[in-house]
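J.: I'd like to go over a predicted model; first the sequence, then the structure.
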Amino acid sequence: MWKQRSTQTPPALAVALTLLLTACGSSPDRQAAAQYGIYIIDGSDLVRMDGDPEWERQTWDRRASLEPDVKLAINDPLLSGGRNLSELRELILLERVAHVRNAVDVRTGARAEASGNRWMASHLQRFAVPITFGPDPDYPGLIRVRPREPLPPGLYSIMVGGGRAATLARFGVSWEAVNKQAYADRHCVDRYDAGPNTAFFGCGEEPIASAAGLSIGGLTTEQRDVAGIPTLVVAGRIANGTDVPRRIPPLRAKLVSGTGVEQSWNFQINRAYILPGETIDFSSTVQYPMENSENVVVSFSSPSAS
């Protein structure tokens, strides 16, 4: 669930932290600040939050019932080098952890009750928590992060960076006293899986079938003889440039001859949904294509097609 970053510290930051540790003592928590990671500021201590799953289980009690006015500190190479506030805002995400109700088959749209870990950071905007951040006054080289308002009881996740290299940590605010079922109902999502890609959408909601944000490219054609029938294979790719899953609209292929004559047909691919940032291949065939029809156009046939 969490990925541990390298513990090697940049020279300049190591010097600053060494001076700090000398001045403040050498408790294990303060020494930990010399390593990349995410920390809770607990009085005068730094409590490490990110680690491997086994470490998470062993140390969860210390992070499960924090105060609403939680203070966090981050030591990460992504945050060094004098990045401005707008860049930092894109690299740090604090959010309420969601509960996964269903796993959705991206090919058919079928839903089944999810299995495995069902408490997930969904990265949906509705669960994002506004934060303030800046240089930590007590720990040179670290970034201090605080929610703009006290956090209500619940389960939270903080992410630094993005993609597979992101550093993640989880904590609770009075979590042991929370009604878990009521919380799960309020923060319910469905999970869409496509191999290594995963995306989330609100429970009971259906991604729209829209061409907005989708693009078609890489078109190719191939002439074949199938059981004595001349057949044209049209292939290409669909890319989702949005940040949400989309239901893929029907497609329309059109052949255009040199004299302007057209032959067209509608088709659907073997995928109901395409995930954010995903690119998928498609192909379609037509028998007895008209002659001189190497010029092919494929578009979405929905009213919102662009």
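T.: Looks like it arrived, so ask away. Numbers count the residues shown, from 1 in each chain.

J.: how many other residues sit next to H123?
T.: The number of residues packed near H123 is 17, by other C-beta atoms under 10 Å. Heads up, the C-betas are built off the backbone N, CA and C, glycines and all.

J.: and it, how close does it get to I248?
T.: 22 Å (C-beta to C-beta, to the nearest Å).

J.: so where is the stretch 201-306 of the chain shaky, pLDDT-wise?
T.: 292-294, 302-306 (pLDDT under 70).

J.: just the CA trace of stretch 44-57, in CSV.
T.: What follows is stretch 44-57, C-alpha atoms only, in CSV (Å, rounded to 0.1, in the frame of the first residue of the first chain):
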residue,chain,number,x,y,z
SER,A,44,8.6,18.1,19.9
ASP,A,45,8.7,14.7,18.2
LEU,A,46,8.6,13.6,14.6
VAL,A,47,6.6,10.4,14.1
ARG,A,48,7.3,8.5,10.8
MET,A,49,4.2,7.7,8.8
ASP,A,50,5.3,6.0,5.5
GLY,A,51,6.6,2.5,5.4
ASP,A,52,5.9,-1.0,4.1
PRO,A,53,2.6,-2.9,4.9
GLU,A,54,4.1,-4.9,7.8
TRP,A,55,5.5,-1.7,9.4
GLU,A,56,2.1,0.0,8.9
ARG,A,57,0.3,-2.7,10.8
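
J.: what are the buried residues along it?
T.: Neighbour-count burial for stretch 44-57 flags 46-51, 56 (criterion: 16 or more other C-beta atoms under 10 Å).

J.: among those residues, which are located in strands?
T.: 46-48 (DSSP state E).

J.: what is the nearest of those residues to P135?
T.: The closest of those to P135 turns out to be L46 (C-beta to C-beta; 15.3 Å).

J.: so the closest one makes contact with I74?
T.: No: taking contacts as C-beta atoms under 8 Å, L46 lies outside contact range of I74: 10.8 Å.

J.: common neighbours of those two, please.
T.: Common contacts of L46 and I74 (C-beta atoms under 8 Å, 6 or more residues apart in numbering): Y39.

J.: what's the pLDDT at R164?
T.: pLDDT, R164: 72.

J.: ok so it is a strand residue?
T.: No: read with DSSP: H, G, I helix; E, B strand; the rest coil, R164 is helix and lies in no strand.
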